[in-house]
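Q: Following is a predicted model, sequence given first.
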Amino acid sequence: MNQARSNKVNTIQAVNMALDEAMALDPNVILLGEDIADEQEGGIVGVTKGLSAKHGKARVRSTPISEQAIVGAAIGAAMVGMRPVAEIMLMNFTTVAMDMIVNHAAKLRFMSGGQTQVPITIRTMTGAGFGTGGQHADYLEAWFAHTAGIKVVAPSSPAEAYGLMLSCIFDDDPCLFIENMPSYWNPGEAPVPGQRIPLGKARIVREGADVTLIAYSRILQDCAQVAERLAKEGIAVELVDLRTIAPLDEATLLQSVGKTRRAVVVHEAVRPFGVGAEIAAMLHERLFGRLKAPVQRVGAPHCPVPFSKPLEQAFLPQPSVIEAAIRQALA
Amino acid sequence: MTHRTEVDRRVLVDIYRRMALIQRSDERFRAVIKAGKIVAPYYSPRGQECIPAAVSVNLSDEDYVCTIYRGIHDMLAKGVPSKLLWAEIAGKATGTCKGKGGPMHITHPASGVMVTTGIVGSSMPIANGLALAAQIRGEKRVAVAYFGDGASNIGAFHESLNMAAVWKLPVVFVCQNNGYGEHTRYDIATSARRVSDRAAAYQMPGVTVDGNDPLAVYEAARAAIIRARDGDGPTLIEAMTFRFQGHVFGDADAYMAPGEKEAAMARDPVPRLRAWLVEGGVADSELAALEAAIEREIDEAVAFALDSPLPDVAELRRDVFAEELVA
Amino acid sequence: MATQVLLPKIGFSMNEAVLAEWMVADGASVTEGQALYAIESDKSTQEIESPASGTVKIIAQVGEVYPVGAVLAEIA
């Protein structure tokens, strides 16, 4: 893929660049996953295209359909110094590997008293919008954020994906990297080559004094558009991209909401028991006396992702709902 | 003993030493637990000593072992120091895992014991990963995954054997078939006549041996380990055995057939090997000296464990991530 | 210094047990390893050996329920 003449890349290209660079930098970086090698077309949307040709099939392996075995292999190799990037094709399939992810990857450093570590990155994709239904579009980040010992990262743009992926690969803890499928092909600013984005730090995308809007992954782009629109009305939204869901950058959130005194958390994942619930609770606990309104949460309704188009659209939090929540916070 | 192969006497004595260490450690664990001095769920390996002892003499510290909660024999046979093992089971800061793992998660990379898991079957996917790293790096290391007959029915077994065979990973799958998956007999849980029958489904050699016969286990392990080191891929070894103390120490074992346990105990492999060694010309005094050294080792380990401090509460923030969590 | 006889945890889910029987009388001389008492948990009945030699002072009563770690007797 030739990026020389373009300053735009999409997330597929951005992640590919990060993987390529990491593999060139460190021979310990290996890739495991279903269909990821070039003979199998470099992944179902081509994220790993060209990598087995360039770095060899020993380091870029198409696996059997065996999620437990894929993650287990990554864990074992990581324990002796490799930096495996395991692809779990769709986030729903992480459930098939839950024992390896939750009982092992997340816990081995602690249970071994620090003697072993598991520097794996699990790449996975998901997202409603393609009519793939309940088992191929699920948002499970809250489960993993709730699990001590695993980092959860959700990039909001191609450049973010590049920088965060590099940081995940070279982080010494297990990282779950969540790619949004429907927005894979959306172009964005190309990243600065080699520039890693630190984990555990949120980014102030837009400054504002009236209300803090907190989001991550694809929907951050919708939030940016809503903020832009409201600016014309004189509503100054401060937009925060979490970047890393766990560990949560509480300091940045507290500083922002401490200033604006109003907050709205937005995610595509279902609203009940979601990441927004944790953030709202944390903000209420720490800023109770200072808040001018309860923290609003925007999320999908509590049901599996439906198939039929109008249902799927109704499932996804729309910009109008985000705007309504902001107005509610300002009421 | 069915075999009379010419195995070096030193190897046989080494196998016996490991078995005696396991047997005597197990007896002491049960005594200390019964005395209320250590409080921990205890999964006794008594009766299964021969398997890891005869496998481990073929391994070095650079080879990897992944085992499961009934794994104290596997750990001791591989060389986990008794003191650190006891301290961990006692929940002390001086244990292998600073008291944070406990008996089901003993880890000691220096001796190659990379992971002990409390989840049936989960030793295997991780053993594959250790073997994968060795393969990619061109190392001659082997990964041994220990598990029980019950684990041969769990998904991880099938996924792991398939992947290991397809990638020709240098891993040896050692099934310690003691006839029971928790309280359930083998024949009502498993569709294979023998666990080793399943190897054919995964295009790898499979062999069933008498797990109480040190020569049989030694030979099967040696062949599998050489095969793995030569880059020819994995092997499934099924070693038939019996656990004298039931599933978890304290169980009533009412699900077993009457007399079954007693019959197995009558075939105790530890005194049997000892007698055979003496019969074969090893001096009784040599073995007695070995046993005395073992008792001293255990005495020191128990004292060390009981005298060591408990871990600090601050340990809750450590080793969750590489960086300590902020208080 | 007296050795405390503590109720052990034997079994995965055991939290307490009934002191089923004392094998020796209060004040009797015991040797380490001798059968001292029996406990009944919901899983099984176990005979427990004496952890030390000396004179036993019985504290726990037959038929009563005690938690793991309770001092059942002292041996001096």
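A: Thanks, I have the structure now. Keep in mind the model is a prediction, meaning the values are calculated, not measured.
Q: Quick test: name the residue nearest the centre of chain B.
A: B:Asp74 (2.2 Å; C-alpha atoms, centre = their mean).
Q: any idea which element that residue lies in?
A: helix B:72-78 (DSSP states H and E).
Q: got the CA positions of the worst-scoring helix or strand of chain C on mean pLDDT in PDB?
A: None of the helices or strands of chain C scores lower by mean pLDDT, DSSP states H and E than strand C:45-49, at a mean of 87. Taking Å, rounded to 0.1, in the frame of the first residue of the first chain, the C-alpha atoms of strand C:45-49 are listed here in PDB:
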ATOM      1  CA  THR C  45     -15.400 -37.900  59.200                       C
ATOM      2  CA  GLN C  46     -11.700 -37.500  59.800                       C
ATOM      3  CA  GLU C  47      -9.400 -38.800  62.600                       C
ATOM      4  CA  ILE C  48      -6.800 -36.200  63.500                       C
ATOM      5  CA  GLU C  49      -3.400 -37.000  65.100                       C
END
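Q: Report the next helix or strand after that strand in sequence order.
A: Defined by DSSP H and E, the subsequent element after strand C:45-49 is strand C:54-58.
Q: ok, and for that next one, which residues are buried?
A: Buried residues in strand C:54-58, defined by neighbour count with 16 or more other C-beta atoms under 10 Å in any protein chain shown: C:56, C:58. C-betas here are computed from N, CA, C, even on glycine.
Q: Show me what the helix or strand that it is followed by pairs with in its sheet, parallel or antiparallel.
A: Sequence order places strand C:65-67 as the next helix or strand after strand C:54-58, per DSSP H and E. For strand C:65-67, the paired strands and their directions (DSSP bridges) are strand C:16-22 (antiparallel).
Q: So which elements touch the helix holding B:Asp74?
A: helix B:9-34, helix B:50-56, strand B:64-68, helix B:82-89, strand B:113-117 (3 or more C-beta pairs under 8 Å, 6 or more residues apart in numbering or on different chains; DSSP states H and E).
Q: Please identify which of the ones you listed is closest to A:Gly258.
A: strand B:113-117 (43.9 Å; C-beta to C-beta).
Q: backbone phi and psi for the residue in the stretch 101-250 of chain A that chain B sits nearest to, please?
A: Closest approach between the stretch 101-250 of chain A and chain B, counting by C-beta to the nearest C-beta: A:Gly113, at 3.4 Å. When read as degrees, to the nearest 10, the backbone of A:Gly113 gives phi 70, psi 30.
Q: for B:Gly231, same thing?
A: phi 90, psi 20.
Q: quick one, what contacts it?
A: Contact analysis of B:Gly231 by C-beta atoms under 8 Å, 6 or more residues apart in numbering or on different chains lists B:135, B:168, B:170.
Q: show me what contacts the second one?
A: Meaning B:Lys168. Counted by C-beta under 8 Å, 6+ apart, B:Lys168 has contacts B:135, B:231-234.
Q: before we move on, back to that, pull up the pairing partners for the least confident helix or strand of chain C, direction included.
A: strand C:35-40 (antiparallel).
Q: got the angle for the strand it pairs with vs strand C:54-58?
A: 30 degrees (axes from the mean of the first three to the mean of the last three C-alpha atoms, to 10 degrees).
Q: Show me what counts as buried in stretch A:246-263.
A: A:246-249, A:252-253, A:256-257, A:260-263.
Q: will you turn the residues you listed into a markdown table that also has pLDDT, secondary structure and distance to chain B?
A: Converted to a markdown table, the buried residues of stretch A:246-263 look like this (pLDDT from 0 to 100; DSSP: H, G, I helix; E, B strand; the rest coil; distance: C-beta to the nearest C-beta, whole Å):
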| residue | pLDDT | secondary structure | distance to chain B |
| --- | --- | --- | --- |
| A:Ala246 | 98 | strand | 10 |
| A:Pro247 | 98 | coil | 7 |
| A:Leu248 | 98 | coil | 12 |
| A:Asp249 | 98 | coil | 12 |
| A:Thr252 | 98 | helix | 14 |
| A:Leu253 | 98 | helix | 15 |
| A:Ser256 | 98 | helix | 19 |
| A:Val257 | 98 | helix | 19 |
| A:Thr260 | 98 | helix | 24 |
| A:Arg261 | 98 | coil | 25 |
| A:Arg262 | 98 | coil | 27 |
| A:Ala263 | 98 | strand | 22 |
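Q: Lowest mean pLDDT among the helices and strands, pick that one out for chain B.
A: For chain B, counting by mean pLDDT, DSSP H and E, that's strand B:180-181 with a mean of 88.
Q: Pairing partners for that strand, with directions?
A: When DSSP bridges is applied, strand B:180-181 pairs with strand B:184-185 (antiparallel).
Q: and the partner strand, how far out from the chain's middle?
A: 21 Å (C-alpha atoms, centre = their mean, to the nearest Å).
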